[in-house]
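Asks: just to be clear, the model below is a prediction. Sequence and coordinates:
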Amino acid sequence: MEKVVSGIRPTGNLHLGNYFGAVKSFVKMQDDYDCLFFVADWHSLTTHPKPEDIRQSVKTVMAEYLACGIDPNKASIYVQSDVKEVLELYLYFNMNAYLGELERVTSFKEKVRKQPDNVNAGLLTYPTLMAADILMHKADKVPVGKDQEQNMEMARLFARRFNRIYDVEYFKEPESFHFSDKAIKIPGLDGSGKMGKSEGNCIYLFDDEKTITKKVMKAVTDSGPTVPNQEKPDVIQNLFTIMEVVSDKSTLDYFNDKWNSCEIRYGDMKKQLAADICSLLAPIRERILEFRSNDEYLERVAREGAEHAHESAAKTIQEVREIIGFHG
Ligand code: TYM
């Protein structure tokens with residue numbers, strides 16, 4: 001059976017971008033693939049979170065994975081730092097990764113610009129750790145949002161380079177997977193780029209109806225179209241992009257028609273969008289509360305998931321050590 005690996009950093013609650021970019025695919029794929037989904041706690045250390053915050057966030061992401069419908073009887077759910085073999089592979093990949101190519105990664109350059117006081121080596125080697133997560137299990141497919149495309153290219157590059165250096169056909173190149181054929185980027189509601197935790201423009205899976213409605217009603221819009229069928233400016237396209245994934249096609253078509261005939265009322269569109277987001281998230285929120293209050297269950301799921309991940313990781317590390325010339 002083909003293998004699937006993916007993870008999300010624990011930085012509080014998951015948001016709609018995480019859901020549509022990643023988790024929705026996780027749920028879809030668990031029936032057809034051998035799936036390993038983890039909480040990327042090592043990756044989250046680049047910003048030096050407090051120990052208590054990271055502890056809570058790891059549990060939150062576990063609970064949210066389960067609340068969204070990942071079934072531990074079908075997929076393994078584990079915490080990245082429970083599978084220590086990943087660190088060894090990370091070290092080997094770092095030996096084959098060049099400073100210039102790591103410095104050219106767009107998300108690294110962005111971080112350098114945004115947080116010049118904390119440009120640490122973990123941030124620089126973020127793509128090699130991610131490659132280790134994926135290649136460790138010889139993943140065929142990796143469900144991720146559009147923002148991870150470059151990291152995925154790096155993972156493929158590190159796989160090819162390892163094979164070339166050691167003259168083997170060992171690692172295979174993993175593909176990105178998107179539930180609707182094309183890579184998805186959920187925009188923020190503030191008219192800026194993507195929805196993201198550090199952008200502070202998120203709708204969280206845990207948000208209640210009042211919070212969701214307030215956030216959507218505050219979304220940035222413009223003064224409306226003046227010419228029939230005109231192209232939508234980014235801020236308006238953002239609303240439509242979110243509607244495309246949360247609402248029925250008939251709803252989307254209705255507002256598209258209204259836009260095209262210059263009759264759109266943004267207030268109506270936002271009300272509908274808020275209602276559709278609420279009906280998607282209300283049952284998820286209920287289940288998050290349930291799972292979040294059951295530490296014992298979360299720990300069991302993580303323990304069993306780590307056992308499965310460890311089995312495949314131990315085999316890879318043994319083989320990689322032999323390839324590299326270490327005693328197995
Ligand atoms: P992270 O934690 O930033 O995001 C987790 C997943 O959510 C997706 N995502 C989005 N998709 C669409 N629109 C958005 N606005 C949006 N925001 C986030 C991301 O694309 C991602 O799929 N490096 C990874 C974590 C990671 C990983 C891995 C992923 C570590 N090792 C191995 C896959 C395989 C990250 O920081 O994602």
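Replies: Here it is on my side, so go on. Everything quoted here is computed from the prediction, not taken from an experiment.

Asks: give the buried residues for whichever strand or helix holds residue 212.
Replies: Taking DSSP states H and E as the criterion, residue 212 maps to helix 209-217. By neighbour count with 16 or more other Cβ atoms under 10 Å, helix 209-217 contains the buried residues 212-213, 215-216. C-beta coordinates here come from the backbone N, C-alpha and C atoms, glycine included.

Asks: tell me the one of the residues you listed nearest the ligand?
Replies: When the buried residues of helix 209-217 are ranked by distance to the ligand (Cβ to the nearest ligand atom), residue 215 comes first, at 14.6 Å.

Asks: so that closest one makes contact with residue 208?
Replies: No - the pair residue 215 / residue 208 is not scored as a contact, 11.0 Å apart, by Cβ atoms under 8 Å.

Asks: now do the helix holding residue 212: which elements does it pack against?
Replies: When contacts are defined as 3 or more Cβ pairs under 8 Å, 6 or more residues apart in numbering; DSSP states H and E, helix 209-217 sits against helix 266-292.

Asks: okay, the angle between the helix it packs on and helix 209-217?
Replies: Relative orientation of helix 266-292 versus helix 209-217 (axes from the mean of the first three to the mean of the last three Cα atoms, to 10 degrees): 140 degrees.

Asks: averaged pLDDT, the very next helix or strand once past helix 266-292. What do you get?
Replies: Using DSSP H and E, the helix or strand that follows helix 266-292 in sequence is helix 295-324. For helix 295-324, the mean pLDDT works out to 98.

Asks: and the stretch 101-250 of the chain, which of its residues are near the ligand?
Replies: 130, 133-134, 142, 144-148, 151, 184-186, 194-196 (Cβ under 6 Å from any ligand atom).

Asks: among the residues you listed, which one lies nearest to residue 56?
Replies: Of all these, the one with the least separation from residue 56 (Cβ to Cβ) is residue 196, at 19.9 Å.

Asks: ok, that closest one - how many residues close by?
Replies: Neighbours of residue 196 under the rule other Cβ atoms under 10 Å: 18.

Asks: isn't it up against residue 190?
Replies: No - taking contacts as Cβ under 8 Å, residue 196 lies outside contact range of residue 190: 10.7 Å.

Asks: in what helix or strand does residue 101 lie?
Replies: When elements are assigned from DSSP H and E, residue 101 belongs to helix 99-103.

Asks: next, the buried residues of that helix.
Replies: Residues of helix 99-103 classed as buried: residue 102 (neighbour count, 16+ other Cβ under 10 Å).

Asks: give the other helices and strands that that helix contacts.
Replies: helix 121-124.

Asks: and the helix it packs on, how far from the chain's centre?
Replies: 19 Å (Cα atoms, centre = their mean, to the nearest Å).

Asks: so what touches the helix or strand following that helix?
Replies: Proceeding N to C from helix 121-124, the next assigned helix or strand is helix 126-135, under DSSP H and E. Helix 126-135 has contacts (Cβ atoms under 8 Å, 6 or more residues apart in numbering) with 5, 7, 38, 40, 42-43, 46, 80, 86-87, 89-90, 93-94, 97, 102, 105, 107-108, 122, 142, 150-151, 154-155, 158-159, 162, 171, 174, 316.
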